[in-house]
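Visitor: Kindly return the folded structure for what I paste below:
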Amino acid sequence: MSDEKLNDLQKQRLDKFKKLQDSGINPYPQPNLKTKQSCSEVLTMLGSKVTVAGRLMSLRGHGRILFADLHDRTGKIQLFFQEKILGTEKIKQTELLDLGDIICASGEVIKTQAGELTINVDSFELLAKNLRPLPEKWHGLKDIEDRYRQRYVDLIMNPDIQKVFEIRTKILTEIRHFLDNRGFQEVETPVLQPVYGGASAKPFITHHNTLDMDMYLRISDELYLKRLIVGGLEKVYEVSRDFRNEGVSRFHNPEFTQIEFYWAYVDYEVLMTFTEELITHVIKLIKGNLSFSFQGQDLDFSPPFKRLTFRDAIFDKTQIDIDTIDSIDLFKKIIKDKKLKVDLKNVIGIGECFDVLYKEHVRPYIIQPTYITDYPAAMIALAKRKENDPEKIASFQLLAAGTELLKAYNELNDPKDQYNRWLEEEALTEKGSEIAMQMDKDYIRALEYGMPPTAGWGMGIDRFSQFLTDQPTIKDVIFFPSMKNEDGSLSKINNKVSPESHPQYLIDKKLLEAYPSIKTGIAIIEGVSVQKSNVELDKLKEITAKKYKNYSLDDIDKISSIQAYRKFFRSFGVDPASRHPSPDALLRRLISKKGLYNINTLVDAYNVASLETNLGMSAMDMAHLNFPVTLRFSQSGEKIVLLGGEETKTTKTGEVVYADNQGLITLDLNYRDCDKTKITSQTKNVLLYVDGCPGISSQEIANALEREIELIQKFCGGIVTFKEII
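Guide: A predicted model of the protein is given here:
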């Protein structure tokens with residue numbers, strides 16, 4: 001809805017607002033509605049006099065007779081207004097009602113000739129005037145950022161969203177009941193902490209004015225809960241809001257809800273059995289059985305869950321025996337020998353190296369519920385070593401669908417070992433680690449008083465809720481997820497071309513001289529989570545493909561953007577009949593009945609966006625780019641290994657290509673991508689392009705880039721850190 005149209009509608013509502021006031025009617029009264037019924041209750045009260053309150057979501061008719069749909073949190077009921085019952089003056093007040101107004105209404109429940117239960121209204125009152133029209137289109141994938149940012153509108157327009165959050169509440173309630181019934185005591189510990197601890201994570205920092213000291217928002221409540229174990233509380237838990245100053249993905253939000261419990265005199269073997277009891281109890285309650293689908297993947301949580309040691313899990317997937325690796329140099333050599341791609345940027349310490357290897361090459365491929373046990377001691381400084389193997393810790397994670405659901409371990413209660421382990425963490429901090437733990441001397445003092453052998457357990461409620469409600473991103477189970485400011489620099493793409501504003505993303509001067517109107521759209525999304533497939537995305541692909549089921553080659557030839565690409569290709573000596581621009585190639589694939597590609601969620605998402613906008617798009621794995629990236633003419637003899645790693649193409653002088661500091665990364669804009677930058681399940685940060693050329697406007701590019709970003713974030717998460725047209 002345009003701002004101009006919105007302003008006109010708002011003016012109409014403000015006019016009605018003034019008429020109400022002039023008539024002596026308060027648009028925002030405070031009535032006593034103790035005896036009102038819900039919409040669902042009214043459906044069982046045929047023939048009774050009732051009172052309901054809620055929001056008007058439909059208005060039909062005018063003058064002497066009006067029908068309306070009133071919605072509350074339980075459902076909807078039809079209202080019937082008629083002059084012969086309300087009177088002339090009161091029926092005129094319905095002319096001042098709008099969609100979105102909140103009213104109360106009383107009357108007898110009747111059944112219409114069509115058989116619909118309806119309240120025959122004999123009195124009504126406006127409770128809150130709606131001054132901002134509800135959006136006409138809000139469902140599906142439209143306005144995805146607005147849905148999260150304006151959750152209040154999302155809840156109004158999408159009743160199913162309320163059900164998701166009702167299930168989330170039920171999950172948390174049942175976990176509490178489960179623990180309460182087994183003797184655990186719920187407690188509260190500080191959110192503001194002078195020393196952050198309990199996890200390897202980067203904290204948020206704040207300042208306490210009165211105490212004149214910097215403090216941290218907690219990243220975990222572990223150390224305080226274990227202080228209570230020292231004090232004699234043998235079973236404690238907390239539902240906590242935790243904060244980690246790190247990336248956003250489909251499984252991560254910087255502010256999240258976690259439940260942790262600590263249990264004295266048991267070990268992690270007991271917790272594995274206890275976990276199976278707790279998890280299956282909640283799943284049965286929510287899903288009805290232990291087998292269900294999450295984003296197209298069939299999961300079976302029937303106990304006992306499979307168990308696999310951390311070492312064996314890595315060895316099974318990579319043939320690397322981490323037990324034989326005792327230095328980072330050796331680790332890097334083995335990775336190089338195995339020709340594995342592992343992003344070690346900013347990685348410090350052998351434990352973090354193992355973690356990155358595991359997360360990139362092992363965890364994404366574990367689909368069925370599996371315990372990964374016995375991590376290397378270098379990975380978790382708070383966990384107790386195994387007595388029969390001190391290089392390992394008595395620990396486990398529960399994985400499903402390629403991600404972590406929970407973590408648990410035997411708690412380290414030896415103060416000397418804990419002190420030394422934190423010294424090792426401090427050494428990592430000195431080397432530049434941003435996630436290493438701090439020394440907490442008060443906690444060491446607590447351990448010196450003696451903490452009984454204890455096992456601890458932690459699970460993110462948001463992610464577990466995401467699984468049990470089958471939501472593609474964690475944002476869908478958090479009422480108000482972390483978002484950039486609505487009016488921030490990255491909230492909208494500026495469609496004014498800025499060819500020299502960012503030296504990492506360039507259009508070569510020779511190319512600009514030859515084609516002064518050339519431009520391209522660029523964006524970076526960090527922290528994506530790429531999956532093999534997604535059910536909702538597959539449905540969207542089917543819907544998109546159906547739109548072109550009756551298309552012919554003649555229809556493709558008439559699309560203005562494809563005409564512009566073809567003209568551009570010919571101008572630098574490439575026959576578009578032999579190398580079709582990407583939207584052209586996708587459409588030809590559809591009309592030949594081959595259907596859309598099934599690559600992965602990120603590639604499939606931008607292919608849909610390319611079809612919807614008829615502009616060429618791509619995404620490149622930033623881990624394998626050497627900046628700057630430049631759109632330029634190719635030189636004679638330049639070679640590119642095309643996607644798949646088998647076909648090598650030699651270019652001619654003057655073809656328009658993207659290249660980084662080491663060579664070509666695409667051929668003919670994004671007709672074919674380079675193998676080294678392909679998107680895989682290990683991809684974390686992506687560079688997006690929307691191809692412009694003479695004949696395609698900046699606004700078209702901006703709109704297409706927004707759609708590409710929207711679909712990728714919907715199905716792969718991540719946060720946009722850069723958007724521009726150059």
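Visitor: Give me the number of neighbouring residues for G63.
Guide: Burial of G63 is recorded as 10 neighbouring residues (other CB atoms under 10 Å). Heads up, the C-betas are built off the backbone N, CA and C, glycines and all.
Visitor: Apart from its chain neighbours, what residue comes closest to L669?
Guide: The shortest distance from L669 to any residue other than its chain neighbours is 4.4 Å, reached at D691 (CB to CB, 6 or more residues apart in numbering).
Visitor: Tell me who's in contact with that neighbour.
Guide: Residues touching D691, when contacts are defined by CB atoms under 8 Å, 6 or more residues apart in numbering, comprise 520, 565, 581-582, 615-618, 669-670.
Visitor: what's the closest of those to F479?
Guide: Using CB to CB, M617 is the member of the contacts of D691 that lies nearest F479, at 32.1 Å.
Visitor: The closest one reaches G692, doesn't it?
Guide: No: the criterion here is CB atoms under 8 Å, and M617 misses it with G692 at 11.3 Å.
Visitor: what packs against the lengthiest helix in the chain?
Guide: Scanning the chain for the helix with the most residues, using DSSP state H, yields helix 159-180. Using 3 or more CB pairs under 8 Å, 6 or more residues apart in numbering; DSSP states H and E as the contact criterion, the neighbours of helix 159-180 among helices and strands are helix 151-157, strand 185-186, strand 235-243, strand 255-264, helix 268-287, helix 461-468.
Visitor: at 6 Å instead, please
Guide: Using 3 or more CB pairs under 6 Å, 6 or more residues apart in numbering; DSSP states H and E, the elements in contact with helix 159-180 are helix 151-157, helix 268-287, helix 461-468.
Visitor: Give me the residues contacting that helix.
Guide: Judged by CB atoms under 6 Å, 6 or more residues apart in numbering, the contacts made with helix 159-180 from elsewhere in the structure are 154-155, 237, 278, 281-282, 285, 461, 465, 469, 477.
Visitor: Can I have the buried ones of the residues you listed as a PyMOL selection?
Guide: Under the burial definition 16 or more other CB atoms under 10 Å, those of these that qualify are selected in PyMOL by:
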select buried, resi 154+237+278+282+285+461+465+469+477
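Visitor: which of the contacts of helix 159-180 lies closest to K484?
Guide: Relative to K484, and with distances defined as CB to CB, the nearest of the contacts of helix 159-180 is D154, at 17.6 Å.
Visitor: Find the nearest non-adjacent residue to the closest one, please.
Guide: Computed as CB to CB, 6+ apart, the closest residue to D154 that is not its neighbour in sequence is R147, at 4.6 Å.
Visitor: Likewise for I372?
Guide: Take I372 and drop its neighbours on the chain: the residue closest to it by CB to CB, 6+ apart is Q397, 4.8 Å away.
Visitor: Find the helix or strand that the one you found is a member of.
Guide: Following DSSP states H and E, one finds Q397 within strand 395-400.
Visitor: What about the contacts of D691, which are in strands?
Guide: 520, 617-618 (DSSP state E).
Visitor: ok, and the most crowded of those residues?
Guide: Each of the ones in strands among the contacts of D691 was scored for neighbours by other CB under 10 Å, and M617 scores highest at 28 neighbours.
Visitor: quick one, phi psi at the residue of the chain most remote from its centre?
Guide: Summary for the chain: using CA atoms, centre = their mean, the residue whose C-alpha lies farthest from the chain's mean C-alpha position is K84, with a distance of 53.4 Å. Summarising the backbone geometry of K84 under the convention degrees, to the nearest 10, its torsions are phi -70, psi -20.
Visitor: And it, how far from L126?
Guide: K84 sits 22 Å away from L126, going by CB to CB, to the nearest Å.
Visitor: Return the alpha-carbon coordinates of the longest helix of the chain using CSV.
Guide: The C-alpha coordinates for helix 159-180 follow below in CSV (Å, rounded to 0.1, in the frame of the first residue of the first chain):
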residue,chain,number,x,y,z
PRO,A,159,-4.5,-16.5,13.4
ASP,A,160,-2.2,-19.6,12.9
ILE,A,161,0.7,-17.6,14.3
GLN,A,162,-1.1,-17.5,17.6
LYS,A,163,-1.3,-21.3,17.6
VAL,A,164,2.5,-21.5,17.2
PHE,A,165,3.1,-19.4,20.3
GLU,A,166,0.4,-21.3,22.2
ILE,A,167,2.4,-24.5,21.5
ARG,A,168,5.6,-22.8,22.6
THR,A,169,4.0,-21.8,25.9
LYS,A,170,2.7,-25.4,26.4
ILE,A,171,6.2,-26.8,25.7
LEU,A,172,7.8,-24.6,28.4
THR,A,173,4.9,-25.3,30.9
GLU,A,174,5.3,-29.1,30.4
ILE,A,175,9.1,-29.0,30.9
ARG,A,176,8.6,-27.1,34.1
HIS,A,177,6.0,-29.6,35.3
PHE,A,178,8.2,-32.5,34.4
LEU,A,179,11.1,-31.1,36.5
ASP,A,180,8.8,-29.9,39.3
